[in-house]
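Q: structure for the following, please:
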Amino acid sequence: LGECRAGMRLFSIVFLSLAASAQAFSPSPMWRAPALRLPLATSRALRPRVGAAPGVRMVSFDVEGVLKDKGIVLPDAAPPAANYVPYVVTGNYIYIAGQIPMVNGELKYVGKVPTEYALEEAYQCARTCGLNILAQAKAACGGDLKKVKKIVKLVGFVNSKDDFYDQPKVINGASDLMAEVFGEAGRHARSAVGVNVLPLNVATEIEAIIEIE
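A: Down below sits the predicted model:
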């Protein structure tokens, strides 16, 4: 019995000694590595940036100056020809009603493509519709086209014969104008549709969606 008690006492001494050694080598809170804290500026710089979608930017240049330099003259904004408004502003978007080739109250390009108007003439007709779109956008922006942020979409209709398939080339007349005036911000989504007739028998009609500040 005496030997058993002596053995248990020796075991207890060894166990306590090992426990003390383990505690001595365990990392103390004061030796733990501090949390890495970056300077505020660096932390912000490393955050993922959420920017505008590709191709979307503010028009920061003088649009009126661009129009003047290129010799582009906008017509007067045409009044509606029926029971509708020429544009609606909701949120940050202008929805412009279909514009026809009207120049300061005078209707141009009446007829079908390519019967009355060849492709090159129809292109100019679409450009005229584009000028009317810009005139309506200017009116919607209170006379300041610098408020335009992005030409979002054009929808173009071409009064064409059944065997005419170059509607996209016709509506390029308006699309090229938007890119010419607004640069990358003028590039847009688009539809170009052939129809068998348009109001007043005009050759083209184009509507637009434009994002503004």
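Q: so which residues of the protein form strands?
A: 87-90, 93-99, 102-103, 106-107, 148-159, 189-195, 204-212 (DSSP state E).
Q: save those strands as CSV, and put in mean pLDDT too.
A: Converted to CSV, the strands of the chain look like this (pLDDT from 0 to 100):
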stretch, mean pLDDT
strand 87-90, 98
strand 93-99, 98
strand 102-103, 92
strand 106-107, 94
strand 148-159, 98
strand 189-195, 98
strand 204-212, 98
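Q: any chance of those strands in CSV, plus distance to residue 114 and mean neighbour count?
A: All C-beta spots, glycine's among them, are computed from the backbone N, C-alpha and C. Converted to CSV, these look like this (distance: least, CB to CB, whole Å; neighbours: other CB atoms under 10 Å):
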stretch, distance to residue 114, mean neighbour count
strand 87-90, 31, 13
strand 93-99, 21, 21
strand 102-103, 22, 19
strand 106-107, 20, 11
strand 148-159, 10, 23
strand 189-195, 11, 15
strand 204-212, 13, 24
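Q: and of the ones you listed, who's closest to residue 126?
A: Minimum separation from residue 126 across those (CB to CB) falls at strand 204-212, 4.7 Å.
Q: CA atoms only: put stretch 80-99 into CSV for me.
A: The C-alpha trace of stretch 80-99 is given here as CSV (Å, rounded to 0.1, in the frame of the first residue of the first chain):
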residue,chain,number,x,y,z
PRO,A,80,-47.1,66.4,-81.7
ALA,A,81,-49.2,65.6,-84.7
ALA,A,82,-52.0,63.8,-82.8
ASN,A,83,-53.1,63.0,-79.2
TYR,A,84,-49.7,62.4,-77.6
VAL,A,85,-46.8,64.3,-76.2
PRO,A,86,-43.4,64.6,-78.0
TYR,A,87,-41.5,63.2,-75.0
VAL,A,88,-41.9,62.0,-71.4
VAL,A,89,-39.3,62.4,-68.7
THR,A,90,-39.5,59.9,-65.9
GLY,A,91,-36.7,59.3,-63.5
ASN,A,92,-33.4,59.7,-65.3
TYR,A,93,-34.8,58.8,-68.8
ILE,A,94,-36.4,60.6,-71.7
TYR,A,95,-38.8,58.6,-73.8
ILE,A,96,-39.0,60.4,-77.2
ALA,A,97,-42.0,59.7,-79.4
GLY,A,98,-41.4,58.7,-83.0
GLN,A,99,-39.8,61.5,-85.0
